[in-house]
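> quick one: sequence and predicted model below, then my questions.
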Amino acid sequence: RKEVEQDPGPFNVPEGATVAFNCTYSNSASQSFFWYRQDCRKEPKLLMSVYSSGNEDGRFTAQLNRASQYISLLIRDSKLSDSATYLCVVNTPYGNKLVFGAGTILRVKS
Amino acid sequence: NAGVMQNPRHLVRRRGQEARLRCSPMKGHSHVYWYRQLPEEGLKFMVYLQKENIIDESGMPKERFSAEFPKEGPSILRIQQVVRGDSAAYFCASSPADRGGDTEAFFGQGTRLTVV
């Protein structure tokens, strides 16, 4: 089983749609969780951290379910500029290593 | 405060040559990570270093690849006797000292290695 698994993509959605990505992780002792965004041929950039209580940043909402070892990202009112690959990232409990999921491609179309 | 700096941005090597990729972390960051991304694939962890120490090299190929992060100067990822399969984007990331696990990482723009 992979350490971090994400929904297979690509997700093709119209502008204004709501889209949700899911991610599961295998190590129950993991402590920190993030969503990164990567544009084509660019470096990954932090989108948001994920906290146990859930957190929201504008149109983006991240949720964590420790019991199910599950992380989600919800994007409301999708924009063309949201088109990118979204990476689920988990910090291993020992050694502070960040493990990336393979990523989910989002394509927002007009 | 400059971000993570990687150089060169693009590197072309012939099969059998050596490739040296450099990464200067953000100011004040003492943790460096190297990742490899093959075309159309996700990022794969290679190695995690702190100053003068390799903390986790579980993602490094057993042969030809090495990494260091000296007390002074940038972190270096070294690939000896490159082969075509080494062609990829190599990303470096840095983070500050461990704050109990809640540590994001900042990425450099990557080095795109092409082996011909």
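Received, thanks.

> what sits against residue 18?
Looking at chain A here, since you left the chain open. Residues near A:T18 by C-beta atoms under 8 Å, 6 or more residues apart in numbering or on different chains: A:L74, A:I75, A:R76, A:D77, A:S78. Just so you know, the C-beta spots here come from the backbone N, C-alpha and C atoms, and that holds for glycine as well.

> chain B was what I was after
So B:E18 contacts B:R78, B:I79, B:Q80, B:Q81, B:V82 (C-beta under 8 Å, 6+ apart).

> which ones are touching the last one?
Neighbour list for B:V82: B:R13, B:R14, B:R15, B:G16, B:Q17, B:E18, B:A19, B:R64, B:L113, B:V115 [criterion: C-beta under 8 Å, 6+ apart].

> which non-adjacent residue is nearest residue 32?
Since no chain was named, I'll use chain A. In space, and not counting its chain neighbours, A:S32 is closest to A:N91: 3.7 Å by C-beta to C-beta, 6 or more residues apart in numbering or on different chains.

> wrong one, I was asking about chain B
Per C-beta to C-beta, 6+ apart, closest to B:V32 is B:S75, 4.5 Å.

> wait, doesn't A:K109 sit right on A:G16?
No - using C-beta atoms under 8 Å as the test, A:K109 is too far from A:G16 to be in contact (10.8 Å).

> what number of residues lie near residue 54?
Picked chain A for this. 13 (other C-beta atoms under 10 Å in any protein chain shown).

> actually chain B
14.

> do the same with B:H10
Burial of B:H10 is recorded as 11 neighbouring residues (other C-beta under 10 Å).

> got a list of what it touches?
B:H10 touches B:T111, B:R112, B:T114, counting by C-beta under 8 Å, 6+ apart.

> what is the nearest of these to chain A?
B:R112 (8.2 Å; C-beta to the nearest C-beta).
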